[in-house]
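Student: here's a sequence, model it:
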Amino acid sequence: MKEIIFEVREDEVDGGFTASALGYGIHTQADTIAELRDRVRDAVNCYFDETMDRPRIVRLHFVRDEVLAL
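Tutor: Modelled structure (predicted):
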């Protein structure tokens, strides 16, 4: 496996960010982007042990919902 993609969303009500890996049961959250990066790395390292094919690239895909009033 070459890469794993995390969908990142900002919590507009409480603040902070949540990240979920696409196709894997890996989820984490943090108050800042810098903290989220560290927590994503930790979550990936905890999920993949030494017998598993670990991704070399972790991609953060930021999703933003925008609502327009008419």
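Student: and V40, that's in a helix?
Tutor: Yes. Applying DSSP: H, G, I helix; E, B strand; the rest coil, one finds V40 inside a helix.
Student: so it touches I4, yeah?
Tutor: No. V40 is not in contact with I4 according to CB atoms under 8 Å; the separation is 9.2 Å. Placement of C-beta: from N, CA and C, glycine included.
Student: let me know the pLDDT of the spatially most central residue of the chain.
Tutor: Nearest to the mean C-alpha position of the chain, by CA atoms, centre = their mean, lies A19 at 3.0 Å. In this model, A19 is scored at 97, pLDDT.
Student: kindly report the same for M1.
Tutor: For M1, pLDDT reads 68.
Student: so the residue lying farthest from the centre of the chain versus R64, what's the distance?
Tutor: Relative to the centre of the chain, the most outlying C-alpha is that of L70, 32.6 Å out, by CA atoms, centre = their mean. Separation of L70 from R64 (CB to CB, to the nearest Å): 20 Å.
Student: same deal with E7?
Tutor: 11 Å.
Student: between the two, which one's more packed in?
Tutor: E7 (15 against 8; other CB atoms under 10 Å).
Student: can you tell me the helix or strand for the more buried one?
Tutor: According to DSSP states H and E, E7 maps onto strand 3-10.
Student: N45 now?
Tutor: Using DSSP H and E, N45 falls in helix 33-47.
Student: quick one: buried residues of whichever helix or strand comes after that helix?
Tutor: Later in the chain than helix 33-47, the nearest helix or strand by DSSP H and E is strand 57-63. By 16 or more other CB atoms under 10 Å, the buried positions in strand 57-63 come out as V58.
Student: sweet, I'm off.
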